[in-house]
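1. What shape does this take:
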Amino acid sequence: MKQYIFLTLMVCAAAGCTEEISTAPDLGFLQVNPRTAEVVIPFDDFVDEVLVFGGYGSTAEIDHALVAVDYGGLNARTLVLLDFYPTRSDLTFSDGRIVIFFDTLRGIVDSPVDIEVFQVVEEWHPLSMTWDFAVDTAGEQRAWSQPGGGLTTLLGGATFRPAQGDSVSIPIDSATVVALGELIDGRTSGLLVTGAEPGVFLQVVDVVLMLTSSTVQDPDTVFEEPISVFNLGFMFDPAPAAPLGWLRVGGTPSWRTVFTMSIPRLVTGTPEICGSVGCQVDLTEVEVNLAELVLTARQTQLAWQPQDTTRVHIRPVLNPELLPKSPLGERVAAVPKGIPPELFSVQAGTEVLLSLTSLVAQIFETAAETGTVPVTSIALFTEPEPHLIGFASFEGPGGPGAPALRLLYTVSNPVGLP
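-> Take a look at the predicted model:
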């Protein structure tokens with residue numbers, strides 16, 4: 001039987017007190033001023049399923065290349081496809097040099113490193129080549145004669161000294177200049193850049209071939225003619241295994257984590273909202289001020305630790321049945337969440353908060369209209385995708401640091417008592 005509460009208002013004045021009895025019954029509501037409360041919904045109470053998908057994009061889509069030799073088990077080699085040699089009839093070449101530029105702010109660049117350059121003689125496809133395949137497209141798959149670039153010819157080497165600059169110059173002789181000028185399917189042959197010792201991990205930002213040149217009319221005047229790079233890419237081995245029991249975002253090719261959520265409509269109110277009697281708060285009847293997906297950063301294997309900030313975006317999955325190739329909706333937040341690389345190494349265990357406010361508010365607006373909270377799938381991915389070879393790692397369900405949903409909501413109306 002529902003109980004009603006009647007309030008007696010005692011009004012005291014200097015002359016004494018009078019008693020006034022309310023004529024309007026309180027229909028079971030606790031009158032409150034607008035109050036804001038927090039609720040953290042655990043993984044099992046809002047996630048139906050979480051899946052991790054890989055294979056988005058390729059190494060050809062990022063703006064740098066890599067050189068690694070047994071760095072935490074990773075090997076990587078840079079491949080360069082050179083553009084056409086100059087075709088001026090009055091121009092002659094003698095010797096030259098290959099200049100390789102490195103990113104001195106990223107990678108392992110605290111000591112001298114021996115670098116070698118080889119000529120690649122096999123045909124290869126810059127957009128699809130991998131450690132095992134020279135061509136790996138829908139219409140053709142052709143393996144290297146040996147993994148990692150096939151049969152190659154050593155052109156030379158030099159020591160990169162980070163303390164002296166951001167580049168290394170490797171001289172080549174006139175015979176090498178002629179060999180590099182031999183066309184393969186209308187383009188000059190390629191170059192392969194690698195390290196000569198274990199423990200190397202360097203980011204390559206550019207490779208330039210400089211040819212010592214002169215003209216027939218003025219053979220005594222010597223200058224350098226740059227040969228532009230048509231494509232700068234890299235291949236690596238091994239590929240990281242799919243995560244088991246934990247989450248991954250980013251990498252090259254990139255990974256995405258997809259959550260399918262059924263957010264509860266009713267949550268237990270706080271004492272500040274409900275008083276001592278307790279109550280259930282209907283989230284369709286309050287104002288959701290903030291909604292955040294709470295993740296816990298996990299230490300990534302050394303070879304795959306991000307070397308730069310990982311920028312994570314969230315979008316709704318429009319057709320979950322088409323995963324992993326489902327189209328995605330608009331970004332949930334206009335600005336991606338920038339996550340520093342330290343969180344996946346020395347600062348593992350740090351909480352990462354990803355905004356879901358606009359999406360969750362929309363979910364509860366729909367629930368208020370239809371009476372049912374819609375099941376929603378979201379994808380976490382990096383932007384641009386892919387961006388780095390390293391990826392972000394997060395704790396999965398079933399243990400400390402499992403994903404959670406944090407809500408801040410404001411109650412401005414009376415809250416029903418049980």
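2. Now name the helix or strand holding Cys274.
-> Assessed by DSSP states H and E, Cys274 sits inside helix 271-274.
3. Tell me the helices and strands packed up against that helix.
-> strand 35-42 (3 or more C-beta pairs under 8 Å, 6 or more residues apart in numbering; DSSP states H and E). From N, CA and C alone the C-beta is placed, and that goes for glycine too.
4. what element comes up after the strand it packs on heading to the C-terminus?
-> Under the assignment DSSP H and E, the closest C-terminal helix or strand after strand 35-42 is helix 43-46.
5. buried sites along the helix holding Cys274?
-> Ile273, Cys274 (16 or more other C-beta atoms under 10 Å).
6. Once you drop chain neighbours, what's closest to Leu192?
-> Phe118 (4.4 Å; C-beta to C-beta, 6 or more residues apart in numbering).
7. pretty sure the one you found is touching Leu151, no?
-> No. The pair Phe118 and Leu151 does not pass the contact test of C-beta atoms under 8 Å, sitting 9.5 Å apart.
8. which of these two has more neighbours?
-> With other C-beta atoms under 10 Å as the criterion, Phe118 and Leu151 differ in neighbour count, and Phe118 comes out ahead with 20 against 12.
9. give the contact list for that one.
-> Residues in contact with Phe118 (C-beta atoms under 8 Å, 6 or more residues apart in numbering) are Gly149, Thr152, Thr153, Leu154, Leu155, Leu191, Leu192, Thr194.
10. and it, what pLDDT?
-> Phe118 is assigned a pLDDT of 95 by the prediction.
11. Backbone dihedrals for Gly181, please?
-> Phi and psi for Gly181, reported as degrees, to the nearest 10, are phi -80, psi -10.
12. isn't it right up against Tyr85?
-> Yes. In this structure, Gly181 is within contact of Tyr85 by C-beta under 8 Å, at 4.9 Å.
13. can you map out the helices along the stretch 301-418 of the chain?
-> Listed in chain order, the helices found in the stretch 301-418 of the chain under DSSP state H, counting those that start in this stretch are 357-370.
14. what's the closest non-adjacent residue to Thr176?
-> With C-beta to C-beta, 6+ apart as the criterion, Thr176 has its nearest non-adjacent residue at 5.6 Å, and that residue is Leu155.
15. show me where pLDDT drops low in the stretch 51-200 of the chain?
-> For the stretch 51-200 of the chain, the stretches with pLDDT under 70 are 84, 86-89, 183-189.
16. my read: Gly199 touches Val69, true?
-> Yes. Here Gly199 reaches Val69: they are 6.9 Å apart, a contact under C-beta under 8 Å.
17. got the end-to-end distance for stretch 208-222?
-> 18 Å (C-alpha to C-alpha, to the nearest Å).
18. got it, and stretch 110-125?
-> Taking C-alpha to C-alpha as the measure, stretch 110-125 stretches 34 Å from start to finish.
19. swap in stretch 234-254?
-> Using C-alpha to C-alpha, the distance between the terminal residues of stretch 234-254 is 15 Å.
20. which residues in the stretch 301-418 of the chain form strands?
-> 310-316, 337-339, 351-355, 376-382, 391-395, 404-411, 415-416 (DSSP state E, counting those that start in this stretch).
21. Give the closest residue to Pro306 in space, chain neighbours not counted.
-> Leaving aside its sequence neighbours, Pro306 sits nearest to Gly390 (C-beta to C-beta, 6+ apart; 3.7 Å).
22. can you pull the contacts of that neighbour?
-> So, once contact is read as C-beta under 8 Å, 6+ apart, Gly390 ends up touching Gly250, Gly251, Thr300, Trp304, Gln305, Pro306, Gln307, Thr310, Pro341, Phe344.
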